[in-house]
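Engineer: Following is a predicted model, sequence given first.
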Amino acid sequence: MSLGCGCVSSVFLQAALEFLLKPLPPISPMGRVFAWTAFFEALTWAGLLLGMWLKYGPQATESVVWWFGRLHGVAFMAYLAVTVVAALRLRWPWWATLLAIVAAVPPLATLPLEWWFRRRGLLR
């Protein structure tokens, strides 16, 4: 059975919705700190990208880059520190620690990583 376009089966759609809507496992206090730090790091990345757009785009102002550059530097360093502490306390495998560190480099990658870690139970 397919939906209107014939490109996605209802079985696949139902399985995807069940996966996305099932309750998330509980997380530990350290997992919560990691989640908030990952969110703050992504938020400052977004602010820095906005600042770059304003700097080279219509406004030609550098103040947003100046502020978000500093905020993102602090958020980046805090994220790395929290990642190392979380990896030790929550006993992550080496690949999860490496993936969490690498996720700090591309813009906004800490958000899907945190979501995936939560789904896999790595933040318990």
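Structural biologist: That came in fine, so what should we check first?
Engineer: Against R120, how distant is the residue nearest to G121 when sequence neighbours are not counted?
Structural biologist: The shortest distance from G121 to any non-neighbouring residue, by CB to CB, 6 or more residues apart in numbering, is to P25 (5.3 Å). Where C-beta positions appear, they are placed from N, C-alpha and C, glycine not excepted. Between P25 and R120 the computed distance is 9 Å (CB to CB, to the nearest Å).
Engineer: Phi and psi next, for A75.
Structural biologist: In terms of degrees, to the nearest 10, the main-chain angles of A75 are phi -60, psi -40.
Engineer: Thought F39 was touching it, still the case?
Structural biologist: No: A75 is not in contact with F39 according to CB atoms under 8 Å; the separation is 9.6 Å.
Engineer: These two: who's more crowded?
Structural biologist: Remark: of A75 and F39, A75 carries more neighbours, 24 against 15, as counted by other CB atoms under 10 Å.
Engineer: Contact partners for the more buried one?
Structural biologist: With contacts defined as CB atoms under 8 Å, 6 or more residues apart in numbering, A75 is in contact with T37, F40, E41, L43, T44.
Engineer: In contact with the spatially most central residue of the chain, which residues?
Structural biologist: Among the residues of the chain, the smallest C-alpha distance to the mean C-alpha position (CA atoms, centre = their mean) belongs to L111, namely 1.5 Å. For L111, the set of contacting residues under the criterion of CB under 8 Å, 6+ apart consists of A38, F39, A42.
Engineer: what does M30 give?
Structural biologist: With contact taken as CB under 8 Å, 6+ apart, M30 is in contact with V85, A86, R89, L90, L123.
Engineer: Brilliant, that's me finished.
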